[in-house]
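# sequence? don't have it. structure:
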């Protein structure tokens, strides 16, 4: 029973990391700055913002970076999106999700092809008991 509960908790933790995360940060002006983080599609961040704010919101900053399936600690094949926003009236500016950070570079595919040996021509001349050969 305990193993089942641990398995369910691990799966729940992994799926919560994969969908989106929301964090609130107080600003010096006393307002709350919300931060959404999601992977796969930037739509998840915008849906999180609309749900958190119950409607309109102002995009403060947005970015994207390469990361892994579960986390974006190291560059990987999954694109992670981040968006900072404040609830309230919007100026209509859409998030750009400009790419920041390291690029993911897959391992190079090495194909070992042996080059054909170059053709060589040898020309030999005989004068008496002497033979002279030239290769080119």
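Cool, the structure landed. The structure presented is a predicted model; accordingly, all values stated were derived computationally and were not measured.
# can you map out the helices along this structure?
2-19, 43-53 (DSSP state H).
# lowest average pLDDT across those helices?
Sorting the helices of the chain by mean pLDDT places helix 2-19 lowest, at a mean of 43.
# in the sheet, who's paired with the most centrally placed residue in the chain?
For the chain, the residue nearest the mean C-alpha position is residue 66 (2.0 Å; CA atoms, centre = their mean). Residue 66 has the following beta-bridge partners by DSSP bridges: residue 79.
# and it, what pLDDT?
In this model, residue 66 carries a pLDDT of 89.
# would you agree it is in contact with residue 76?
Yes - counting by CB atoms under 8 Å, residue 66 touches residue 76, with 5.9 Å between them. C-beta here means a position set from N, CA and C on the backbone, and glycine is covered the same way.
# mind listing the shared neighbours of these two?
Residues touching both residue 66 and residue 76 (CB atoms under 8 Å, 6 or more residues apart in numbering): residue 104.
# ok, residue 50 to residue 89 distance?
Distance of residue 50 to residue 89, computed by CB to CB, to the nearest Å: 14 Å.
# I meant to write residue 62 there.
18 Å.
# which of those two has more neighbours?
The residue with more neighbours, out of residue 62 and residue 89, is residue 62; 20 against 9, by other CB atoms under 10 Å.
# in contact with residue 79, which residues?
Counting by CB under 8 Å, 6+ apart, residue 79 makes contact with 39-40, 64-67.
# correction: residue 131
Neighbours of residue 131 in contact, by CB under 8 Å, 6+ apart: 124-125.
# quick one: it from residue 120, how far?
From residue 131 to residue 120 the distance is 17 Å (CB to CB).
# my guess is residue 97 contacts residue 63, does it?
Yes - counting by CB under 8 Å, residue 97 does reach residue 63; the two are 6.4 Å apart.
# mutual contacts of the two, please.
Common contact partners of residue 97 and residue 63 (CB under 8 Å, 6+ apart): residue 81.
# in the chain, which helix or strand is least confident?
In the chain, no helix or strand scores lower on mean pLDDT, DSSP states H and E than helix 2-19, which sits at a mean of 43.
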